[in-house]
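1. Quick one, fold the following:
(one chain, ligands or ions: 1)
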Amino acid sequence: MDGALESNTRAVFDRYQRQQEKNEHIFSRLVSLIDEEYFGFNPGGFTGLQVLDAGCGSNANASYAFLEKGAAKVTSLELGEEWMDCAARRLSKFGPRSVLIDGSVLNLPFADAAFDFTHCAGVLPHTANPRKGFDELARVTRPGGHLFLTIMGTGNGVLYRCINHLRELYASDAEFRQAIDNLDGRTAKEAIDWLLAVKGQNESPLLEGEDGFIRSLFDDDLFVTVRDRFQAPTYHEFAFTERQIRTWYAENRFVDVRRVSRYTKGLENLRRFLAPMYLHYGHPLARFWFGDGCIQMIGVRN
Ligand SMILES: C[S@@+](CC[C@H](N)C(=O)[O-])C[C@H]1O[C@@H](n2cnc3c(N)ncnc32)[C@H](O)[C@@H]1O
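-> Residues are numbered from 1 along each chain as shown. Presented below is the predicted three-dimensional model:
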């Protein structure tokens, strides 16, 4: 692993990806997000493909989905080797169709045109040089093959302008940093218990269902997302735009470049009310909060 950025980034993600792998509900929710329709493929469209899952995470959830959907071989790549025990717990059942590789997306250890389908979700914003990473992904995708990319590009949305400021606070203010680092389902429960107890002492009882509803908004799954926005060493200020990513594809000879989106099913927390905005990323409400949104794009190498 090269340098402090990569090892710090890996440490942040390894912690929560291991939790996700252990939690059956979360793991199967993540796996269920990958289907042919999402990428605009026909049913069975992954059958026989050589797939690269670059920056697969310790839980390698997308690799698992591609293997289940019939890919001939899935190469799962992450920084270092320490994640492999976790990924192998799920992937070993696929035998030699699953290959785990230590490597960086900035310097992929593969020949040109080695893959039919290259998948890289949420990885490039955490690297020292996202554009170099993209060029590497393009290089290993064969002519006629697909490159799929997810990249957070939300810098011009209200939420992400706030997060950019708060990331500075996270770096400089120990009390704020500790509050964020401690944020999980348990601390949220304690806070809600306290709020509702004091409210109960001063007002009439809660309406039926109110207690359960409030509690359902905050869980570990939610706080993983919140903590990641602060703890990940870099996000390049969430400043990527759809236009810029389209230029990257065009300059690497990709055609039929499409932005895709999906309804994120199976969320049990507050984010279930955000899911409509993830699907309709161009809606004025979505643009207000999320700017260019989480850019999910696919193109065909020419
Ligand atoms: C937000 S997580 C996404 C994980 C997985 N792709 C998913 O969608 O669940 C970002 C991942 O990128 C990995 N990563 C960061 N820099 C990388 C690099 N230079 N090469 C490969 N992976 C990298 C991190 O270790 C982390 O697991």
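2. mind listing the helices for the stretch 151-300 of the chain?
-> Counting by DSSP state H, counting those that start in this stretch, the stretch 151-300 of the chain has helices at residues 158-172, 174-181, 185-202, 210-216, 220-231, 242-251, 275-279, 284-290.
3. Of those helices, which stretch is the most buried?
-> The highest average neighbour count among the helices of the stretch 151-300 of the chain, using mean count of other CB atoms under 10 Å, belongs to helix 220-231 at a mean of 18. Yep, even glycine has a C-beta here, placed from its N, CA and C like the rest.
4. now that one against helix 174-181, angle please.
-> With axes from the mean of the first three to the mean of the last three CA atoms, to 10 degrees defining the directions, helix 220-231 sits at 140 degrees from helix 174-181.
5. Contacts for helix 220-231 next, please.
-> Helix 220-231 has contacts (CB atoms under 8 Å, 6 or more residues apart in numbering) with 12-13, 16, 19-20, 23, 26, 163, 166-167, 170, 177, 180-181, 183-185, 188, 235, 267-271.
6. can you state the direction angle for that helix and helix 158-172?
-> 70 degrees.
7. touching the ligand at all, helix 220-231?
-> No: Helix 220-231 lies out of reach of the ligand by CB under 6 Å from any ligand atom, never closer than 6.6 Å.
8. CA-only coordinates of that helix in PDB, if you can.
-> Once non-C-alpha atoms are left out, helix 220-231 reads as follows in PDB (Å, rounded to 0.1, in the frame of the first residue of the first chain):
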ATOM      1  CA  ASP A 220     -26.200   2.000  12.600                       C
ATOM      2  CA  ASP A 221     -26.700   1.800   8.800                       C
ATOM      3  CA  LEU A 222     -27.400   5.500   8.700                       C
ATOM      4  CA  PHE A 223     -24.400   6.500  10.900                       C
ATOM      5  CA  VAL A 224     -22.000   4.500   8.700                       C
ATOM      6  CA  THR A 225     -22.900   6.900   5.900                       C
ATOM      7  CA  VAL A 226     -22.600  10.000   8.100                       C
ATOM      8  CA  ARG A 227     -19.300   9.000   9.700                       C
ATOM      9  CA  ASP A 228     -17.800   8.000   6.300                       C
ATOM     10  CA  ARG A 229     -18.400  11.600   5.000                       C
ATOM     11  CA  PHE A 230     -16.100  12.900   7.800                       C
ATOM     12  CA  GLN A 231     -13.700  10.100   8.500                       C
END
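9. any weak-confidence spans in the chain?
-> For the chain, applying pLDDT under 70 flags no range at all.
10. quick one, strands of it?
-> 50-54, 73-78, 98-102, 115-121, 141-152, 254-259, 294-301 (DSSP state E).
11. gap between the spatially closest residue to residue 214 that is not a sequence neighbour and residue 217?
-> Distance criterion CB to CB, 6 or more residues apart in numbering; nearest residue to residue 214, sequence neighbours excluded, is residue 192 at 6.1 Å. Relative to residue 217, residue 192 is positioned 9 Å away (CB to CB, to the nearest Å).
12. got it, and residue 188?
-> In terms of CB to CB, residue 188 sits 9 Å off from residue 217.
13. Spell out which parts of the stretch 101-250 of the chain neighbour the ligand.
-> 104, 105, 106, 121, 122, 123, 126, 127.
14. Kindly indicate which of these lies nearest residue 244.
-> residue 127 (15.5 Å; CB to CB).
15. who touches the spatially closest residue to the closest one that is not a sequence neighbour in this structure?
-> Excluding its sequence neighbours, the residue lying closest to residue 127 (CB to CB, 6+ apart) is residue 133, at 5.1 Å. Counting by CB under 8 Å, 6+ apart, residue 133 touches 105, 106, 120, 123, 124, 127.
16. The last one and residue 66, how far apart?
-> Residue 127 sits 22 Å away from residue 66, going by CB to CB.
17. So which of the two has more stuff around it?
-> Between residue 127 and residue 66, counting by other CB atoms under 10 Å, residue 66 is the more crowded of the two (26 against 21).
18. Distance check, that one against residue 109.
-> With CB to CB as the criterion, residue 66 and residue 109 are 19 Å apart.
19. Please parse the protein into its domains.
-> By the assignment in automatic domain parsing, the chain contains the domains 3-156+232-301, 158-230.
20. Could you work out the end-to-end span of the last one for me?
-> By that I understand domain 158-230. Distance across domain 158-230, first residue to last, is 16 Å (CA to CA, to the nearest Å).
21. what about that domain, distance to the chain center?
-> Centre-to-centre, domain 158-230 and its host chain are 21 Å apart (CA atoms, centre = their mean, to the nearest Å).
22. what residues are up against the residue most central in space within the chain?
-> Centroid-nearest residue in the chain, with CA atoms, centre = their mean: residue 122, separated by 4.5 Å. Residues near residue 122 by CB under 8 Å, 6+ apart: 55, 150, 151, 152.
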